[in-house]
Each structure stands twice: as structure tokens, then as C-alpha cells.
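Novice: Next come a sequence and a model predicted from it.
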Amino acid sequence: MLGLSGVNPVLSSYIRQADRIIARSVPGLRLKVTSGYRSEAQQAQLRAQWAMGDRSGFTSEPAVVSAHSSGRAVDLAFVWQGRPIGVRDMPPGWFEALGSLLEPVGVYRVGLNHFETR
């Protein structure tokens, strides 16, 4: 479910740990990586899509240089009992709480659902 292929091993480890903590704390709730590693060509394609006005699936404008291209970033969503919860449908505070869980180990919430190492 996590989809961490190509993501920095340290970041992957922390995301897996957070997923286990969440699953133990709230049975039925899990994390899902909606975007992990992507090449510079994939990043450029996302920017082109945005520039043409197609904003479907975006929570913000794609960066010119992305931490995703070096495996240092993931975009996350929550899944409740096997069903994805839309990023904008999340109960207030869930991503903030996840950020508080990850920040002490060096994973920072940079956007609505974007987390990266520095």
C-alpha cells in the first residue's frame, strides 16, 4: 500500500514506522504514498500539465526542482478501512499530527500533504 520504491531508505523507514504507529493507534487507518520518487522528466511533465491549466490531482503547483526527483519526498494520503480519504476531505489536524510525529526524526511537512527530508 505504501509505494516507496525509489524513495530514500531513511525516509522510507520513517514513513513505514509512522504507518505502523497510526495503524496501532487507530485500527483501520493507514498511510498511502500518492507520489514518491519521480524522475526529472516526470516532474517536467507535471509542470507542463499545470501550465496547460490541467490542475486535476494537484494540491499545489509542481516545483521546478523537486525533492521527489532525488527520492527525498513523498506525498501522503490516509486510507480508512481500505478506502482512500481525499486530501481535502481529511478531518482537521490529521496532517499536522502526522507532521508532529515525523518532524523529530527529520521529516518535514512542506505542503498540505507533502513530506520531505532536508
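Specialist: The structure has been received and is ready for your questions.

Novice: alpha carbons only for contacts and neighbour counts from here, please
Specialist: Will do.

Novice: so what pLDDT did Pro27 get?
Specialist: pLDDT, Pro27: 90.

Novice: what secondary structure does it sit in?
Specialist: coil (DSSP: H, G, I helix; E, B strand; the rest coil).

Novice: give me phi/psi at Leu102?
Specialist: phi -90, psi -30 (degrees, to the nearest 10).

Novice: what secondary structure does the nearest residue to it once chain neighbours are set aside sit in?
Specialist: Excluding its sequence neighbours, the residue lying closest to Leu102 (C-alpha to C-alpha, 6 or more residues apart in numbering) is Tyr108, at 6.8 Å. Classification of Tyr108 by three-state DSSP places it in strand.

Novice: what helix or strand does the residue nearest the centre of the chain sit in?
Specialist: Nearest residue to the geometric centre of the chain (C-alpha atoms, centre = their mean): Asp75, 1.7 Å. Assigned by DSSP states H and E, Asp75 falls within strand 73-80.

Novice: Can I get that strand as PDB, trimmed to CA atoms?
Specialist: This file holds the C-alpha atoms of strand 73-80, laid out as PDB (Å, rounded to 0.1, in the frame of the first residue of the first chain):
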ATOM      1  CA  ALA A  73      10.000  13.500  -0.700                       C
ATOM      2  CA  VAL A  74       6.600  11.800  -0.600                       C
ATOM      3  CA  ASP A  75       3.000  13.000  -0.900                       C
ATOM      4  CA  LEU A  76       0.800  11.100   1.500                       C
ATOM      5  CA  ALA A  77      -2.900  10.400   1.900                       C
ATOM      6  CA  PHE A  78      -4.800   8.500   4.500                       C
ATOM      7  CA  VAL A  79      -6.800   5.300   3.800                       C
ATOM      8  CA  TRP A  80      -9.700   4.300   6.100                       C
END
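
Novice: Next SSE downstream of the strand or helix carrying Arg24?
Specialist: Taking DSSP H and E as the criterion, Arg24 maps to helix 9-25. For helix 9-25, the following helix or strand on the C-terminal side (DSSP H and E) is strand 29-35.

Novice: Direction included, what does that next one pair against?
Specialist: Strand 29-35 has its sheet partners listed here by DSSP bridges as strand 73-80 (antiparallel).

Novice: buried stuff in the strand it pairs with?
Specialist: Within strand 73-80, the residues that count as buried by 16 or more other C-alpha atoms under 10 Å are Ala73, Val74, Asp75, Leu76, Ala77, Phe78, Val79.
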